[in-house]
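[1] Fold the following and give me the result.
(2 chains)
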Amino acid sequence: QSVLTQPPSASGTPGQRVTISCSGSSSNIGSNTVNWYQQLPGTAPKLLIYSNNQRPSGVPDRFFGSKSGTSASLAISGLQSEDEADYYCAAWDDSLNGVVFGGGTKLTVL
Amino acid sequence: QLQLQESGPRLVKPSETLSLTCTVSRGSISRSSYYWAWIRQPPGKGLEWIGSIYYSGDTYYNPSLKRRVTISVDTSKNQFSLRLSSVTAADTAVYYCAAISSSRLTVQHWGQGTLVTVSS
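    Modelled structure (predicted):
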């Protein structure tokens, strides 16, 4: 049982826009910023979005993060086949002094 | 760009202790910029933070594993380590070492991960 809640799956066709939600609580998302990771099969997670809506160098601007209260979301526009991956949200948790993750959302490009 | 590499036995027997080491390169482990962390991912499942250590030696553990976990740092070797005792099959996972930015509180750098299997 993950501390942050994500839908287990999402899907879209090439060119579409999809959104993945992430829900937490006051001790994590409510008081800290949210990060998103993309994980391709057999590889380590890759930082996709940090500080709610910032993209590391090299991440396309098709990826957009947002946060409101104790929830956050990741939007992917202009969906491409290479976006097919698992996506995880994460946030620092003040009660743990550590990182909590969502259970992950498997994105399928139809 | 900071680089992290896990090393240690890939097969551990039930009830024994899992031991892994993370070697940090292209940066000093004594920097206050990062918490050094262990994160694991059971096959086909999500990510779980195991614990972290700061360069000062302060440690923070996931309450669900705290009784069995020890994380330590060796600044002379630029390494940090994980020990997980009394393992069971449920501890079979890919174990990642990682660097958490102490300012952004973001897992910023990841090792490639190592699959550790608990089996007799």
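
[2] What helix or strand is residue A:14 located in?
    Using DSSP states H and E, residue A:14 sits within no helix or strand.

[3] which residues does it contact?
    Neighbouring residues of residue A:14 by CB atoms under 8 Å, 6 or more residues apart in numbering or on different chains: A:79-81, A:109. Yep, even glycine has a C-beta here, placed from its N, CA and C like the rest.

[4] what's the helix or strand for the spatially most central residue of chain B?
    Residue closest to the mean C-alpha point of chain B, counted by CA atoms, centre = their mean, is residue B:38 at 2.5 Å. Per DSSP H and E, residue B:38 falls inside strand B:34-41.

[5] Could I get the full set of strands for chain A?
    Secondary structure of chain A (DSSP state E): strands at A:9-12, A:18-23, A:34-39, A:46-49, A:63-68, A:71-76, A:85-93, A:98-101, A:105-109.

[6] and those as a markdown table, adding distance to residue B:97 and mean pLDDT?
    What follows is these, written out as a markdown table (distance: least, CB to CB, whole Å; pLDDT from 0 to 100):
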| stretch | distance to residue B:97 | mean pLDDT |
| --- | --- | --- |
| strand A:9-12 | 29 | 97 |
| strand A:18-23 | 24 | 98 |
| strand A:34-39 | 15 | 97 |
| strand A:46-49 | 15 | 96 |
| strand A:63-68 | 25 | 97 |
| strand A:71-76 | 25 | 98 |
| strand A:85-93 | 16 | 97 |
| strand A:98-101 | 13 | 95 |
| strand A:105-109 | 25 | 97 |
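
[7] Once you drop chain neighbours, what's closest to residue 54?
    All of this is about chain A. Leaving aside its chain neighbours, residue A:54 sits nearest to residue A:65 (7.8 Å; criterion: CB to CB, 6 or more residues apart in numbering or on different chains).

[8] Chain B, not that one
    Per CB to CB, 6+ apart, closest to residue B:54 is residue B:35, 5.5 Å.

[9] do residue B:111 as well
    Residue B:111 sits nearest to residue B:4 (CB to CB, 6+ apart), 3.9 Å away.

[10] Now the helix or strand containing that neighbour: buried residues?
    In this assignment (DSSP H and E), residue B:4 forms part of strand B:3-7. Neighbour counts over strand B:3-7 (16 or more other CB atoms under 10 Å in any protein chain shown) mark B:4, B:6 as buried.

[11] And for chain A, the residue most distant from the center?
    Quick read of chain A (CA atoms, centre = their mean): farthest out is residue A:95, 21.5 Å.

[12] per-residue pLDDT, that residue?
    Looking at residue A:95, its pLDDT is 93.

[13] Pull the contacting residues for it.
    Going by CB under 8 Å, 6+ apart, the list of residues near residue A:95 reads residue A:27.
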